[in-house]
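Peer 1: Give me the fold of what follows.
(one chain, ligands or ions: 1)
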Amino acid sequence: MESHKLLIGGAWVDAVNGEREDVTSPFNGDIVGDVAVARPADAERAITAALSGFDVWRRTPAHVRFAILTKAAALADERAEEMAQIMSRENGKSLVEARGEAGRSGDIIRLSAFEGSQLYGDSLPLDANKGTGLEKLGFTIHQPVGVVVAISPFNYPALLVMHKVAPALAAGNAVVLKPARATPLTALALAKCFVDAGLPDGVLNVVTGGGSDLGDALVRDTRVRKISFTGSTRVGEHIASIAGIKKLSLELGASGPVIVLDDADIDAATTSIALGGYINAGQVCISAQRIIVHEKIVDDFLSALTPKVQAIRVGDPLAEGTAVGSMISRAEADRVTASIRAAVTSGARLVTGGEQDGSIIQPAIVADVDPFSPFAQDELFGPAVAVSAARNLEHAIDLANSTAYGLGAGVFTNNMSNSIRAIREIESGVVHINWTQLWRADLMPYGGFKASGIGKEGPRSAIAEMTEIKTVILHGTPWTHS
Ligand code: NAP
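Peer 2: Got it, this is the predicted structure:
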């Protein structure tokens with residue numbers, strides 16, 4: 001078991017008040033490590049250190065930033081297995097899922113490093129503006145915003161940290177990272193890759209501790225120029241209400257719809273849903289939660305889906321052959337069990353699964369769900385799908401759009417016109433045709449509409465949101481051509 005400190009100003013330091021806490025496995029309660037508990041005074045120190053780091057980093061040429069980041073990427077590749085082990089232990093996700101996630105860190109850093117070297121501006125055709133002659137030249141340059149505060153959730157402890165930290169650093173910003181309290185160890189292991197790659201002191205700072213305690217100090221500080229937050233809509237709303245004038249990216253919750261039309265390939269749809277509804281024990285913002293099936297094929301759909309869901313191997317995250325591990329805590333598993341029970345009490349039908357053992361829940365299918373009930377409308381964030389029937393495409397799209405959210409959606413159909421209509425009409429940041437929303441290429445723009453958030457991640461989009469555009473005008477004197 002390792003003990004970890006805060007990373008502030010390039011040094012690993014204790015919290016001001018010396019507090020520490022254990023990080024435990026949600027599967028069996030084993031102690032996985034222990035970390036310093038930062039408080040607002042530590043947040044203040046980290047922001048001050050980040051300002052010093054920014055002073056150096058913003059004057060560091062892009063090719064030097066690129067070299068340091070690609071070295072960090074190589075270290076992340078080398079240490080991927082070690083990070084997968086840490087992640088599986090502290091988060092409860094299966095080792096196979098943790099390996100998949102850890103293996104993406106190096107690539108996200110490389111994609112970001114590349115994008116950070118491509119900060120092209122525009123030249124402005126000023127003479128097209130009436131009254132302006134050829135004596136002026138105008139262009140734009142992109143500059144880093146300054147100190148970026150990155151706040152990340154527990155469900156993807158490497159991926160969602162990397163989607164903030166890597167583009168921020170690549171663009172020349174300094175970062176204060178506050179990882180989820182449940183999963184700080186993966187974030188600290190990733191931070192070490194940047195330190196070992198030679199990132200200057202203060203450019204990346206990590207404070208571990210409670211969000212409700214540290215959050216306000218980090219978010220309100222006027223020296224911070226950008227908040228990049230991924231987490232619940234509830235906390236996102238709070239952050240938006242106190243952030244003041246600074247850039248804000250909010251990647252929030254969802255209740256993701258999947259439409260299965262009567263012309264769909266049911267086998268392909270159910271194979272995809274048996275992954276998309278249950279990966280990471282359903283604790284994914286782009287989980288396939290609401291399955292909206294054409295009324296003509298509901299029975300065939302359920303017959304095809306049920307054996308596939310029953311075949312998912314759930315259990316000890318570190319055991320060979322486990323596909324899906326535990327939820328993040330016993331309390332979260334209790335919450336999901338209560339939601340399933342409430343849905344059944346109000347008339348839905350439990351087709352399979354739902355049995356709880358500690359923090360583990362057997363993958364569940366709940367059919368005949370009222371699409372306007374809390375089980376469909378609220379984010380479940382657990383291993384169950386809610387199946388409801390729709391009369392036709394228009395009705396299905398109306399139901400898909402009926403929640404407060406709009407992050408990702410999937411549509412299964414073999415008809416191109418249906419696909420095009422769904423693509424245009426569904427209110428969500430990403431639409432997949434013939435796959436569920438649980439699919440992400442790290443380079444693609446990724447972010448939600450409505451209560452699912454503000455802004456886009458993906459290295460190119462994130463860098464655009466982590467830089468300022470400066471417009472430059474050179475005023476010459478008018479001349480005549482002789
Ligand atoms: P959460 O409770 O909102 O926490 C997210 C982060 O915010 C954690 O680091 C948390 O710290 C911190 N936090 C808590 N209170 C805060 C405050 N008052 N000010 C500032 N920060 C605060 O979310 P979660 O349970 O970790 O993650 C699940 C949620 O994230 C789901 O709603 C899911 O849909 C969403 N999510 C969205 C995306 C996306 O891309 N749209 C991706 C993944 C997850 P503590 O851990 O210390 O409480």
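Peer 1: Can you name the residues of the stretch 201-350 of the chain sitting close to the ligand?
Peer 2: Residues of the stretch 201-350 of the chain found near the ligand (CB under 6 Å from any ligand atom) are 210-212, 215, 219, 230-232, 235, 238-239, 251-254, 285. Any C-beta I mention is one placed from the backbone N, CA and C, and that applies to glycine too.
Peer 1: how about 8 Å then?
Peer 2: Contacts of the stretch 201-350 of the chain with the ligand, taken as CB under 8 Å from any ligand atom, map to 209-216, 218-219, 229-236, 238-239, 251-254, 283-286, 328.
Peer 1: Can you say which of these are buried?
Peer 2: 209, 211, 214-215, 218-219, 229-231, 233, 235-236, 238-239, 251-254, 283-286, 328 (16 or more other CB atoms under 10 Å).
Peer 1: Let me see the contact set for the one residue in the stretch 1-150 of the chain that gets nearest to the ligand.
Peer 2: Ranked by CB to the nearest ligand atom, the top residue of the stretch 1-150 of the chain for proximity to the ligand is V149, at 8.9 Å. Residues near V149 by CB atoms under 8 Å, 6 or more residues apart in numbering: I47, V175, V176, K178, L218, V219, D221, V224, K226, I227, S228.
Peer 1: how about 6 Å then?
Peer 2: V149 is in contact with V176, L218, V224, I227, counting by CB atoms under 6 Å, 6 or more residues apart in numbering.
Peer 1: closest to the ligand among these?
Peer 2: For the contacts of V149, the nearest to the ligand is L218 (6.8 Å; CB to the nearest ligand atom).
Peer 1: Which elements pack onto the helix or strand where that closest one lies?
Peer 2: Per DSSP states H and E, L218 falls inside helix 211-220. The contact analysis (3 or more CB pairs under 6 Å, 6 or more residues apart in numbering; DSSP states H and E) places helix 211-220 against helix 40-57, helix 233-242.
Peer 1: Strands - which of the contacts of V149 land there?
Peer 2: V176, V224, I227 (DSSP state E).
Peer 1: is it true that the residue of the stretch 1-150 of the chain closest to the ligand lies in a helix?
Peer 2: No. V149: not assigned to a helix; according to DSSP: H, G, I helix; E, B strand; the rest coil it is strand.
Peer 1: what's across from it in the sheet?
Peer 2: Beta bridges link V149 to V176, I227 when assigned by DSSP bridges.
Peer 1: Mean neighbour count, the helices and strands packed on helix 211-220: which tops it?
Peer 2: helix 40-57 (a mean of 21; mean count of other CB atoms under 10 Å).
Peer 1: helices or strands up against that one?
Peer 2: Using 3+ CB pairs under 6 Å, 6+ apart, helix 40-57 is in contact with strand 6-8, strand 174-178, strand 204-206, helix 211-220.
Peer 1: among the ones you listed, which is nearest H475?
Peer 2: Among the helices and strands packed on helix 40-57, strand 174-178 comes nearest to H475, with 33.6 Å by CB to CB.
Peer 1: Buried residues, stretch 266-280. List them.
Peer 2: Those would be I266, A269, T270, S272, I273, A274, L275, G276, G277, Y278, I279, N280, for stretch 266-280 by 16+ other CB under 10 Å.
Peer 1: Among those, name the ones in helices.
Peer 2: Secondary structure defined by DSSP state H assigns I266, A269, T270, S272, I273, A274, L275, G276 of these to helices.
Peer 1: Correct me if wrong: the third one contacts L305.
Peer 2: Just to be clear, that refers to T270. Yes. The criterion here is CB atoms under 6 Å, and T270 meets it with L305 at 4.2 Å.
Peer 1: can you tell me which residues contact T140?
Peer 2: G121, D122, I469, T471.
Peer 1: what residues does the stretch 351-482 of the chain put near the ligand?
Peer 2: So the stretch 351-482 of the chain meets the ligand at E379, F381, L407, Y446, G447, G448, S452, G453, E457 (CB under 8 Å from any ligand atom).
Peer 1: any low-confidence regions in the stretch 201-350 of the chain?
Peer 2: Within the stretch 201-350 of the chain, not a single segment meets pLDDT under 70.
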